[in-house]
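Q: could you work out the structure for the sequence below:
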Amino acid sequence: MVIISFLFGFSSSEGSCFGLRWFTPASEVPLCGHATLASAAVLFYKIKNVNSTLTFVTLSGELKARRAEDGIILDLPLYPTHPQDFHEVEDLIKTAIGDTLVQDVRYSPDTRKLLVRLSDTYRRSFLENLKVNTQNLLQVENTGKVKGLILTLKGEPGGQSQAFDFYSRYFAPWVGVAEDPVTGSAHAVLSSYWSQQLGKKDMRAFQCSCRGGQLEISVRPDGRVDIRGGTAFVLEGTLTA
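A: Residues are numbered from 1 along each chain as shown. Modelled structure (predicted):
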């Protein structure tokens, strides 16, 4: 994921408002959570920005990132989902996951993401090991209605400290991303769905990509969601024209 940041009217060490755009290898996208998290981390920890909260002006409106003791909290939009007729997307789903049992199908018109909930009979290991065919999805769905496929699974019961409320994986070959490792924009959809399904506002989620990542979620009464995540710097360099 390539991030292009634009700063408006302030030095990066003292300013609190910045412009932010996101580009995949194929196109510009309206929201990218982990790229926003990375931008905030660079400003907070590398540029030594003095503010406790940063505002990013984006295609998805104003997004905020604030410091927390154990990471950074992103303030993102909360996107509702609507029931989707399975037969209208049956070819897409079967192309992606074959005969895997599906419990619910929802659609987010704001983000053009299709949410597919797998049967509660499956466990986390099944989702982690599931072979998803993304190569043929562009041929099956080329209307522009779907730009991302979310596979999700209810969390396993138990009181362990590492128990999660739900799991997910995310695929977006329509924008040049076969599988995304950890996806804030997908959780802006997942948070709305699972909050209603579980009757909870505070949840712990895990995205089951090969790299994997856990997210702390708080659904707010103002129609937005706080997502907490940690960061790690793995590469640093300088670009010269």
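Q: what does stretch 115-124 contact?
A: 81, 93, 96-97, 100-108, 126-127, 149-156, 164, 167, 189-190, 193, 206, 208 (Cβ atoms under 8 Å, 6 or more residues apart in numbering). In this view, the C-beta of every residue, glycine as well, is placed from N, C-alpha and C.
Q: apologies, that question was intended for stretch 143-163.
A: For stretch 143-163, the surrounding residues in contact (Cβ under 8 Å, 6+ apart) are 89, 92, 96-97, 111-118, 120, 122-124, 126-127, 130, 132, 137, 164-172, 174-175, 185-186, 189-190, 193-194, 197, 204.
Q: now, which of these lie within helices?
A: Among those, the residues falling in helices (DSSP state H) are 89, 92, 96-97, 124, 126-127, 137, 185-186, 189-190, 193-194, 197.
Q: and this structure, what are its domains?
A: 2-75, 82-228 (automatic domain parsing).
Q: returning to what we had before: out of the ones in helices among the contacts of stretch 143-163, which is nearest to Asn51?
A: Ser185 (24.1 Å; Cβ to Cβ).
Q: report pLDDT for the closest residue to that closest one other than its chain neighbours.
A: In this structure, Ser185 finds its nearest non-sequential neighbour in Leu31, 4.3 Å apart by Cβ to Cβ, 6 or more residues apart in numbering. Here the pLDDT value assigned to Leu31 is 92.
Q: might one say that Leu31 is in contact with Ser60?
A: Yes - Leu31 is in contact with Ser60 according to Cβ atoms under 8 Å; the separation is 4.3 Å.
Q: give me the common contacts of the two.
A: Common neighbours of Leu31 and Ser60 (Cβ under 8 Å, 6+ apart) are 76-77.
Q: ok so, going back, can I have the buried ones of the ones in helices among the contacts of stretch 143-163 as a ChimeraX selection?
A: Remark: buried members of the ones in helices among the contacts of stretch 143-163, expressed as a ChimeraX selection using 16 or more other Cβ atoms under 10 Å:
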select :89,92,96,97,124,126,127,137,185,186,189,190,193,194
